[in-house]
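sequence and predicted structure are below.
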Amino acid sequence: MQDGADWEKWPTYDAAELGFRDHWYPTVWAHQVGAKPVPVTVCGEKVVLVRDGDTVHGLHDRCPHRGVPLSLGRRQFPGTISCPYHGWTYDLTDGKLCAVITDGPDSPISGRVSVATYPVVERMGLLFVWIGTLAEGEEPPPVERDIPAELTDNAFVLGGRTEVRDGNWRFAAENGFDEGHAKYLHNTALWRLFKVMPTWNVTRIVEQDGWLVRVQDEVHWEAEFPGVGSFTNKRWWKRMPLPDRPGRNGDANPVIAGLDLPGFVSIRLPGILRVAYPQFVHYEWYVPVDADHVRYVQLMVRFETGAKALAFKAKYLAAIRWLFHGQFTAQDAWMVDVMDSPPERLYRPDLSLTAWRRHVEQAGLVLQPTAPRRGH
Amino acid sequence: MQDGADWEKWPTYDAAELGFRDHWYPTVWAHQVGAKPVPVTVCGEKVVLVRDGDTVHGLHDRCPHRGVPLSLGRRQFPGTISCPYHGWTYDLTDGKLCAVITDGPDSPISGRVSVATYPVVERMGLLFVWIGTLAEGEEPPPVERDIPAELTDNAFVLGGRTEVRDGNWRFAAENGFDEGHAKYLHNTALWRLFKVMPTWNVTRIVEQDGWLVRVQDEVHWEAEFPGVGSFTNKRWWKRMPLPDRPGRNGDANPVIAGLDLPGFVSIRLPGILRVAYPQFVHYEWYVPVDADHVRYVQLMVRFETGAKALAFKAKYLAAIRWLFHGQFTAQDAWMVDVMDSPPERLYRPDLSLTAWRRHVEQAGLVLQPTAPRRGH
Amino acid sequence: MQDGADWEKWPTYDAAELGFRDHWYPTVWAHQVGAKPVPVTVCGEKVVLVRDGDTVHGLHDRCPHRGVPLSLGRRQFPGTISCPYHGWTYDLTDGKLCAVITDGPDSPISGRVSVATYPVVERMGLLFVWIGTLAEGEEPPPVERDIPAELTDNAFVLGGRTEVRDGNWRFAAENGFDEGHAKYLHNTALWRLFKVMPTWNVTRIVEQDGWLVRVQDEVHWEAEFPGVGSFTNKRWWKRMPLPDRPGRNGDANPVIAGLDLPGFVSIRLPGILRVAYPQFVHYEWYVPVDADHVRYVQLMVRFETGAKALAFKAKYLAAIRWLFHGQFTAQDAWMVDVMDSPPERLYRPDLSLTAWRRHVEQAGLVLQPTAPRRGH
């Protein structure tokens, strides 16, 4: 049982209000960036996403001239974006000031100023932005480093949502990997209407392939609290998990469509959760926005193609999107918003939280400074 | 004439932004606390009121685990409240953590954590909460200590309102006992439409039975200001107070239904005003909420039973509630909100304010600290 | 080319968040101040404007008693205003407390307190308020000192608007005199729908009669930016400025209705812009309100009388008010609001900004202190 009143034991984690540099973070869907530039904030940095044909570019969303956001700008010339104020025009590929409309072709400042650029790639329909430091000419590592391996090596179909929610990203990540709450908080969720959830478990956390994995050594479906009452989620209309179905009843290594996933619920850096349901896998990304906001990206993936994939897509749009990615995770969003700690009093199931904090603490990550970085 | 620019002369009062400890404060009506817990803030402390049958309990509105408000919780077992997040379940009588649903019956933390409890009693339909320090096993003094004696010894009927308003509680209290403003600010109030108010008075403040009492030595119904103009509240349609009616014309000791009340307007600690009208008595409580909000509880009491009481109740609901407890005191609320002092320049009638400040200063009260108190 | 990252070179200007004292500033239209007092904030000072017949008086908008705004007050007696709370009554001419209704005619404080008064005069339908320090009995300089001379010596007709906008007054002033932006930002403005604007100019700033004047040595109507593209505002439906029309094509000294104005665009202290169109002259005042708001007064003036004046007034109300004083300057308001500098990177056309900053810096002005001044 942890009894830590504050986060002193995890000083890096305590300071990681805006997350960590040198990572790829998912933002909006690629189809959301059309003719109009789209501003996003990642780890406290203001980025404007600008489409140029099939490519989406990321630039610091601030014209160095007078500080006007480039996301308010115009697409004056191909391959560039122009600040709406004085027509300072930046090349989308390198951020260089390549023309200053209101200062003529011989403008002495042209070519001498640039805005920071952010590597952007599209994966699974999402635009991933690299937040990190690169030496002159240095390329960022492949985005695959920050995407679960099974999502880069297999065919699948997915449905998902990306949205900015209230609360710091660490509360969202802790809520995601938290062993304790789901069984109580979500027992009013429609998503679980026909499926029994346990009352309490005995859990271990193991590390496997870079993931922290919750392994359930015991699952208790009912409990009698002396002098208080009894509790169970069992109802006559609810189905118990079948013993041959993975995950639900605490299997350490569920096998889904041939994938050997290390456990029902796991988390990894820089803040990605995986929940392996019998037929599909749910992923959550907790992307730092600012101290009080987190971008919450949730994907539901089925590793199938053809008719089965199509059927899943229909099921996602008709049900999962509203029941699970809607009402169910809205209960999480509610808690992430009202949570107010430290100070805190931890309990036995919080070993999932402390394992996660320790994991982050020891990963040798580069803190994103909390004072907002301006200019270039 | 006082001429104090700031509140240096009353350092305790100056620091009493959140009021004083070791007192009972009225909050919401008992009938407002039903199946759903109700959060209130008193003297800056967050309290959740939870009904259990005929009893309402008060607990610190913060689960020590992760800081989620217990007022968002569920009534899972009789006599307890459960945090909605992980089902930490607290005994309503002593605040002790008596079950942790998601950690099973052998949870080692169960019984080892508790939230602060607040004594709560119901009087006159209102829930009074004790804000103060009690030693282990110590009982708070009876709530009667903080209720005017005539309201504990007599039969009566009442109507009233309790609401949170903008402004600090001291501005509300000063406005209540202020001798100066009523005659001018309220001369547009419908409540006084048929009753003349004085233009100016000569007033003394005396102390009697723990109350500060305004005694009017002179009442002036009209005044001529040289070079400026004349002022009176007299109109052909307005009635002068009858000489045999108490209060209106400055009687020191009005006698209402056999009660010998010490004056028309009086105030006492920790912030209770009494206005003795000929037929009924109006009370106001100024309960500190936070630095910028005050709970304003107003009661209109008639010391009668039977048919007369019923008639009064009808009159209250039909008229007094809207004219006096509505429009009239809304004018006070307006001033309490816009008032911005110190600095201030006091004038002759402000002897009522300075008497009150001195009275508070010398009462040996325990200041509520202004930094919010968290955890347990 | 200026390359200043911050405003260190202009320390007075940098500190002039609330502008400068000892000047007349326009506020609301005289007709907006009727029976009801009107509060305005000028250079951070709260002023209440009160009409008494043909005269409008300015008083500090705070009763020294308890800090209630006098703009909430009543007009109880002629030539005075009374605080709504206790009827403290102030003489509008000298701000002296001349009667205290609720303290009677012998009130000892009467005549011993006063609120600051602000000289107010009406010119061109606007109420100008003097913000500055005056010795006992000293008169402020004539308001004509702070109004362009041609507006005090000639007959004319005008239309205009006065409104409070987001952003500091310095951003508004800089945007006004800024040589660079109009040609790009406003090229979508309906006001310029039928008139070509240049692409870039070569400009000098000269000082003439207390005005800083933009003199355009070169005007370029199109430009080819190598590797980027070409830009021009020319369209088949747009008219080029006629060579014999002043201003449009950079004439140094346009002659309008016999006035010899020193250039197309000029600015002067304490923040007045003049744009000399061929047929009429546009003026803008940037009046400091608080750190984040500016009063933006825009006037369109035609120096004619009789039928021509009437025709202009009709044209103003039907078109100019909506196209120029509406949509066109709303584009400026947008930039003033989103601008966020320093830090900044200046470019060649910003010589207009730096000339203005230097001009302010060297003018020996009296800074308005940024801490709000309270009481009297």
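Looks like it came in fine. Source: prediction; values computed, not measured. Residues are numbered from 1 along each chain as shown, chains lettered A, B, ... in the order given.

got a list of what residue A:102 touches?
Residues counted as contacts of residue A:102 (Cβ atoms under 8 Å, 6 or more residues apart in numbering or on different chains) are A:86-87, C:180-181, C:183-184, C:199-200, C:349. In this view, the C-beta of every residue, glycine as well, is placed from N, C-alpha and C.

can you classify it by secondary structure?
Here residue A:102 is recorded as helix under DSSP: H, G, I helix; E, B strand; the rest coil.

can you count the residues close to residue A:271?
Neighbourhood size, residue A:271 [other Cβ atoms under 10 Å in any protein chain shown]: 26.

so it sits right up against residue A:285, yeah?
Yes: Residue A:271 lies in contact with residue A:285 (Cβ atoms under 8 Å); the separation is 6.4 Å.

how far away is residue A:51 from chain C?
18 Å (Cβ to the nearest Cβ, to the nearest Å).

quick check, that residue in contact with residue A:35.
Yes: using Cβ under 8 Å, residue A:51 is in contact with residue A:35, at 7.2 Å.

neighbour count for those two, which is higher?
For residue A:51 versus residue A:35, neighbours defined as other Cβ under 10 Å are more numerous around residue A:51 (20 against 7).

now stretch A:44-60, how far from the chain's geometric center?
The chain centroid and the centroid of stretch A:44-60 are separated by 19 Å, computed with Cα atoms, centre = their mean, to the nearest Å.

quick one on the thing from earlier: farthest pair within the contacts of residue A:102?
For the contacts of residue A:102, the farthest-apart pair by Cβ to Cβ is C:181 and C:199; their separation is 12.8 Å.

the two: which is more packed in?
residue C:199 (26 against 23).

closest one of the contacts of residue A:102 to chain B?
If you rank these by distance to chain B using Cβ to the nearest Cβ, residue C:181 comes first, at 40.7 Å.

which element follows the worst-scoring helix or strand of chain A on mean pLDDT toward the C-terminus?
Lowest by mean pLDDT, DSSP states H and E among the helices and strands of chain A is strand A:255-256, with a mean of 62. Once the chain leaves strand A:255-256, the next helix or strand it forms, by DSSP states H and E, is strand A:259-260.

list the strands paired with that next one, with their directions.
strand A:255-256 (antiparallel) (DSSP bridges).

mind listing what the residue in chain A positioned nearest to chain B touches?
With Cβ to the nearest Cβ, the shortest gap between chain A and chain B falls at residue A:340, namely 3.4 Å. Contact analysis of residue A:340 by Cβ under 8 Å, 6+ apart lists B:62, B:66-68.

ditto for residue A:35
A:51, A:75.

related to what we said a few turns ago, which of the contacts of residue A:340 has the most neighbours?
Within these, neighbour counts (other Cβ under 10 Å) peak at residue B:66, which reaches 28 neighbours.

what about that residue, helix or strand, and which?
Under DSSP H and E, no helix or strand contains residue B:66.

that one and residue B:88 touch, don't they?
No: at 9.4 Å, residue B:66 does not count as touching residue B:88 under the criterion of Cβ under 8 Å.

identify the residue nearest the geometric centre of chain A.
Centroid check for chain A by Cα atoms, centre = their mean gives residue A:285 as the closest residue, at 1.5 Å.

can you tell me the closest non-neighbouring residue to it?
residue A:297 (4.0 Å; Cβ to Cβ, 6 or more residues apart in numbering or on different chains).

the helix or strand hosting that neighbour - which strands sit beside it in the sheet, and in what orientation?
For residue A:297, the element it lies in under DSSP H and E is strand A:293-302. When pairing is defined by DSSP bridges, strand A:293-302 lines up against strand A:157-166 (antiparallel), strand A:281-290 (antiparallel).

for residue A:329, which three-state class applies?
With three-state DSSP as the basis, residue A:329 sits in helix.

give the contact list for it.
A:284, A:296, A:298 are the contacts of residue A:329 under Cβ under 8 Å, 6+ apart.

for residue A:60, same thing?
Contact analysis of residue A:60 by Cβ under 8 Å, 6+ apart lists A:45-48, A:70, A:95, A:115-118, A:376.

any idea of the pLDDT on it?
pLDDT, residue A:60: 98.

same check, this time on residue A:5
pLDDT, read off for residue A:5, is 78.

is it in contact with residue A:346, as I believe?
No: in this structure residue A:5 lies outside contact range of residue A:346 using Cβ under 8 Å: 9.4 Å.

roughly how far does residue A:268 sit from residue A:357?
The gap separating residue A:268 from residue A:357 is 14 Å, by Cβ to Cβ, to the nearest Å.

go on, residue A:329?
22 Å.

which non-adjacent residue is nearest the closest residue to chain C within chain A?
Nearest residue of chain A to chain C, counting by Cβ to the nearest Cβ: residue A:67, 3.3 Å away. Residue nearest to residue A:67 in three dimensions, not counting chain neighbours: residue C:340, with 3.3 Å by Cβ to Cβ, 6+ apart.

same check on residue A:31?
Nearest to residue A:31 is residue A:125, by Cβ to Cβ, 6+ apart, at 7.1 Å.

give me the distance between the one you found and residue B:290.
Where residue B:290 is concerned, residue A:125 sits at a distance of 47 Å (Cβ to Cβ).

helices along the stretch 51-200 of chain A, start to end?
Assigned by DSSP state H, counting those that start in this stretch, the stretch 51-200 of chain A shows helices spanning A:150-153, A:169-177, A:182-185.

deepest of those, which one?
helix A:169-177 (a mean of 25; mean count of other Cβ atoms under 10 Å in any protein chain shown).

hey, what's the angle from it to strand A:281-290? Just curious.
Taking axes from the mean of the first three to the mean of the last three Cα atoms, to 10 degrees, helix A:169-177 and strand A:281-290 form an angle of 160 degrees between their directions.

which elements pack onto helix A:169-177?
strand A:265-268, strand A:272-276, strand A:281-290, strand A:293-302, helix A:329-338, helix A:351-361 (3 or more Cβ pairs under 8 Å, 6 or more residues apart in numbering or on different chains; DSSP states H and E).

at 7 Å instead, please
strand A:265-268, strand A:281-290, strand A:293-302, helix A:329-338, helix A:351-361 (3 or more Cβ pairs under 7 Å, 6 or more residues apart in numbering or on different chains; DSSP states H and E).

interface residues of chain A facing chain B?
By the rule Cβ under 7 Å from any Cβ of the partner chain, the part of chain A lying against chain B is A:1, A:180-181, A:183-185, A:199-200, A:220, A:223-226, A:228-229, A:231, A:335, A:338-341, A:343-345, A:347-349.

please redo it, this time with the cut-off set to 6 Å
A:1, A:180-181, A:183-185, A:200, A:220, A:223, A:225, A:228-229, A:231, A:335, A:338-341, A:343-345, A:347-349 (Cβ under 6 Å from any Cβ of the partner chain).

PyMOL command to pick out the buried ones of these?
Selection of buried members from those for PyMOL, criterion 16 or more other Cβ atoms under 10 Å in any protein chain shown:
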select buried, chain A and resi 180+181+183+184+185+200+223+225+228+229+231+335+338+339+341+343+344+345+347+348+349
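
from the residues of chain A next to chain B, which land in strands?
A:200, A:220, A:223, A:225, A:229, A:231 (DSSP state E).

now for these, which pair is the farthest apart?
Pairwise over those, using Cβ to Cβ, the maximum falls at A:220 and A:229, 15.4 Å.
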